[in-house]
Each structure stands twice: as C-alpha cells, then as structure tokens.
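**Q** Give me a 3D structure for the following:
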Amino acid sequence: MSAFPDLTAAQWSVLVIAAVFVGIAKTALPGLATLSVALFAAVLPARESTAVMVPLLIAGDLYAIWMYRHDVDWRTLGRLAPAILVGLGTGALVLWRIDDAGMKRMIGIILLLLTATTLQMMRRRERHGSDENAGTTRAFSRSPVARWVYGSLGGFTTMVANAGGPPMTMYLIASGFDVMRFMGTQACFFFVVNVMKVPFQVGLGLTSARSLGLDAVLLPPLVAGALVGGLVIRRMSTRVFDVLVIALTIASSAFLLV
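**A** Residues are numbered from 1 along each chain as shown. Okay, the predicted model is just below:
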C-alpha cells in the first residue's frame, strides 16, 4: 500500500469494502456491484475507478462462472447480444466526451428510471393469476423491445460506469428467472462484456500501472467476498433475493446522484 501514498487509511478501507462487495455481488447479491461502483468513485476519479474495477470484475466473473456453470440460459444471452454490442459502442463514445460528475449523474438517473419501470411491470404481473403471470413473463423475455431497451442500456452503463448490473438485473427478474439461473446467466453475460471493455479502456488510456497495482492489492478481499456470497446464496429464497437485489439497486443508483 505504500506504493500509493496519496490514498489515506480511510480511503483504503472504503476500497477494501468495495472489493468485498464485488465478490459478494458476483456470487450472491448483484445489486452490491453498483454500490461498489459508487464506493470506488467516491475514493478515486470516476475514470480511474472504472479502469481499476474491470480486472476485479473479470476475476469475480470467472469465479461465478465456475460456481454456476450448470445454470446458464444461453438462449437469453444470444438474444441480448446485438443490443449489448450497440450499448457498448455508444458507451465508449460517451466515455470519451463526458466528464466524471456528469457521467455519475446520468447513470444514476437511468438506473432509477429503469428500476421504477421494472417494478411497475412486476406489480402488474402480481395482480394476475399464476397462469397469466407465466404467460406475461414469457412474453416479456421474448419481446424485442425489452431486449433492445435493457440490453443496450446494460452495455452502455457497464461501459461508462461499470454499472450494467441493474439493467440486466431488472431484465432477468422481470423475465421470471429463479435464483440459480439468474446468477449463472448473469455471470456469463458480465464476463463476456467485461472482457470486451478491456480494449476500449486501453485505447482510451484508462488502464495504467497504477490501476493494475490497485487490482493486485484488492484481489484477496474480492475472493473473500466471493466465498461469503457462495455460502449466503444457497440459503436464500427467490422472493428474498428479488427484494434485496431491487433494494440495493435503488440505494446504489440514488448514491450516484449525490
């Protein structure tokens, strides 16, 4: 840590907690990933925080892929792929032009609006019977409009602020995924997307020896968080999971606006 004399003990504590949250997010509670984004951005400049987080996110993705390797919905990922690519490209252009403060506010607003829309859809579903509910869920997951809205926003927000979790979280929950299928599908999605972000970040000059050094220090706390998440997820019902994920998404999105 002496290699980073500009960081105080309090700032290191925040970064360590954020790294633990990334590990838990990858194996149990995806909403914590956006909270980690906010914590990293509170300590580091937004652009540097993005560069530091990507290798950590990839490491967490690899652990989650191994853990949920039998629970991936490849068909859903294939349908979302074109929209995600468009979002990534658009995000790269915006990242080149926008400043740190404007970027955080924009992401916070997008995530809150998206969460509100998804909650409204879920309330509407719950007012119907189970057969109608299942039909509505299938219709949503197959809707080209839903795929393009949520997929492009997922690619866009993950490129500009490593905050693609909420759009994908809302899409998978609204599609009626159970906990294990949710985690497995999300793990593969974010591994591919995060790896695709690396060339963009290198090209924009965001990755540096300093950012990689921070990653090396923060990797052990991330692994510890992933292990804790693996223990928690097996004791959690789908209902509790959905409530916690949505609550964390709202809290972390609001934090980005402060």
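**Q** list the contacts for residue 49?
**A** 37, 40-41, 43, 162 (Cβ atoms under 8 Å, 6 or more residues apart in numbering). Just so you know, the C-beta spots here come from the backbone N, C-alpha and C atoms, and that holds for glycine as well.
**Q** May I ask which helix or strand encompasses it?
**A** helix 46-67 (DSSP states H and E).
**Q** Could you identify the helix or strand that succeeds that helix?
**A** Counting by DSSP H and E, the next helix or strand C-terminal to helix 46-67 is helix 74-97.
**Q** before we move on, back to that, so which bits of the helix holding residue 49 are buried?
**A** 46-61, 63-65, 67 (16 or more other Cβ atoms under 10 Å).
**Q** returning to what we had before: I'd like to know which of the contacts of residue 49 are part of helices.
**A** Of the contacts of residue 49, the ones assigned to helices by DSSP state H are 37, 40-41, 43.
**Q** how about CSV for those, with pLDDT, neighbour count and distance to residue 17 added?
**A** Converted to CSV, those look like this (pLDDT from 0 to 100; neighbours: other Cβ atoms under 10 Å; distance: Cβ to Cβ, whole Å):
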residue, pLDDT, neighbour count, distance to residue 17
37, 79, 32, 13
40, 89, 27, 10
41, 79, 26, 14
43, 88, 18, 10
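**Q** Show me which of the residues you listed is closest to residue 194.
**A** When the ones in helices among the contacts of residue 49 are compared for distance to residue 194 (Cβ to Cβ), residue 37 wins out at 12.8 Å.
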